[in-house]
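Novice: Next come a sequence and a model predicted from it.
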Amino acid sequence: MKNLLAGIAFLGTVAFASAQTITFDNTTFEYGNIKPGSDGTRFFTVTNTGDKPLVLSNVKPSCGCTTPEWSQDPILPGKSAKIKVGYNTALAGPFTKMIEVFSNDPVNSRSIIYIKGNVDPNAADPAPEPVVEAKVLTPEELKAEQEAEKKAAKIAAKEAKKAEKEAKRAARKAAKAAN
């Protein structure tokens with residue numbers, strides 16, 4: 001029985017020592033005072049600070065006035081992705097909205113981010129946003145990026161199968177030890 005418990009503890013330690021880890025650039029986005037009908041779109045940056053691919057499985061707003069958009073493609077270790085959050089600025093008054101982010105992070109499978117602000121007809125006009133030019137990828141860079149994403153998806157599937165096999169093996173050992 002001691003060997004069984006030691007084996008389970010070891011497998012748990014190995015599983016968590018090497019994993020995907022979700023981090024955010026910030027967990028609350030403050031809109032400030034904005035005019036009704038103004039742009040309610042904001043972006044949260046999600047970074048995988050672990051060493052395995054991170055997958056955002058669901059992003060769930062607390063109400064229908066908030067609409068998130070995200071990619072379900074794996075986020076490779078050290079890479080980042082954006083969660084686009086839109087708020088319906090036709091609704092006047094203060095707001096604080098919670099958004100749940102579900103991922104395959106073994107420690108933080110459910111993270112919470114917030115948006116808050118005040119839709120006020122008397123708010124100052126927003127300053128024009130600076131124009132940021134997007135980097136255009138060459139065909140070679142685009143192909144390399146697509147290949148890296150395919151590779152990450154294969155690695156994630158392989159890791160899931162491996163973890164499932166390990167769990168089955170541990171269950172069989174536990175069953176044998178119990179008999």
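Specialist: Done, it's in.
Novice: who's the residue most central in space within the chain bridged to?
Specialist: The centre of the chain sits closest to residue 56, judged by Cα atoms, centre = their mean, with a distance of 4.3 Å. For residue 56, the beta-bridge partners are residue 103 (DSSP bridges).
Novice: That one touches residue 82, doesn't it?
Specialist: No: counting by Cβ atoms under 8 Å, residue 56 stays clear of residue 82, with 10.6 Å between them. To be clear about C-beta, it is placed using only N, CA and C from the backbone, and glycine gets the same treatment.
Novice: what residue ranges in this structure score low on pLDDT?
Specialist: 1-18, 126-134 (pLDDT under 70).
Novice: any idea what residue 33 is structurally, helix, strand or coil?
Specialist: Following DSSP: H, G, I helix; E, B strand; the rest coil, the label given to residue 33 is strand.
Novice: and the gap between it and residue 101?
Specialist: 27 Å (Cβ to Cβ, to the nearest Å).
Novice: ok, now residue 89?
Specialist: 22 Å.
Novice: Give the residue from residue 33 and residue 101 that has the larger number of neighbours.
Specialist: Shown here are residue 33 and residue 101; by other Cβ atoms under 10 Å, residue 101 has more neighbours (24 against 13).
Novice: May I have the residues that are in contact with that one?
Specialist: 22, 46, 56, 58, 59, 83, 110, 111, 112, 113 (Cβ atoms under 8 Å, 6 or more residues apart in numbering).
Novice: Quick check: bridge partners of the last one?
Specialist: Here residue 113 shows beta-bridge partners residue 99, assigned using DSSP bridges.
Novice: and if you look at the first one?
Specialist: According to DSSP bridges, residue 48 are recorded as the beta-bridge partners of residue 22.
Novice: correct me, but it touches residue 102?
Specialist: No: contact criterion Cβ under 8 Å: residue 22 and residue 102 do not qualify, at 9.9 Å.
Novice: Neighbour count: those two, which is higher?
Specialist: residue 22 (22 against 16).
Novice: what residues are up against the more buried one?
Specialist: Residue 22 neighbours (Cβ under 8 Å, 6+ apart): 46, 47, 48, 49, 54, 101, 103, 105, 108, 111.
Novice: Likewise for residue 58?
Specialist: 100, 101, 102.
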